[in-house]
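**Student:** how would this look folded up:
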Amino acid sequence: MSVHALTQIFFLLGSTAGRASAQNQGITLLEPVGGVRTIPTAGNAGLGVFGFYFNLVYPWVVGMAAAIAVLMAVVGGIEIIMAGSDPSKVGAGKNRLLISLGGLIIILASAVILNLLNPTFYRLL
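**Tutor:** I've put the predicted structure just below:
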């Protein structure tokens, strides 16, 4: 996904300028996200276009955040292993490991929280 596609979404909310067709079929993405090439603008007034796009991008963002949290947990474990008998390095490794696991719990709990607040959150608009 390119920066141009993001700016196109934010600046063309609900408008028919730019890459939107004459029949108001929607905003054509430069690169498809999840198999979707066009974001429909008809019936998506206001922030509906952003909501549609957010629902497409959200799983990718959560996946990347979870991968980074797992990677940081591994780095923390390696720091603990490589620390030897230095208590400050062991403490730094434990701190990195605990913070990354806490972040992973928050990431995984976000889906549950969003689903409790609005059961239709994960449904495409």
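
**Student:** What is the lengthiest helix in the chain packed up against?
**Tutor:** Criterion DSSP state H: the longest helix present in the chain is helix 48-82. Packing partners of helix 48-82 (3 or more CB pairs under 8 Å, 6 or more residues apart in numbering; DSSP states H and E): helix 3-11, strand 27-33, strand 36-39, helix 87-117. Yep, even glycine has a C-beta here, placed from its N, CA and C like the rest.

**Student:** Please spell out which residues along that helix are buried.
**Tutor:** Going by neighbour count (16 or more other CB atoms under 10 Å), the buried part of helix 48-82 is 48-50, 52-53, 55-56, 69, 72-73, 76, 79-80.

**Student:** hmm, which two among those residues are most spread apart?
**Tutor:** Using CB to CB, the buried residues of helix 48-82 span at most 48.0 Å, a distance reached by G48 and I80.

**Student:** and the residue nearest the centre of the chain, what is it in contact with?
**Tutor:** Closest residue to the average C-alpha location of the chain: V61 at 2.1 Å, with CA atoms, centre = their mean. Listed by CB atoms under 8 Å, 6 or more residues apart in numbering, the contact set of V61 is empty.
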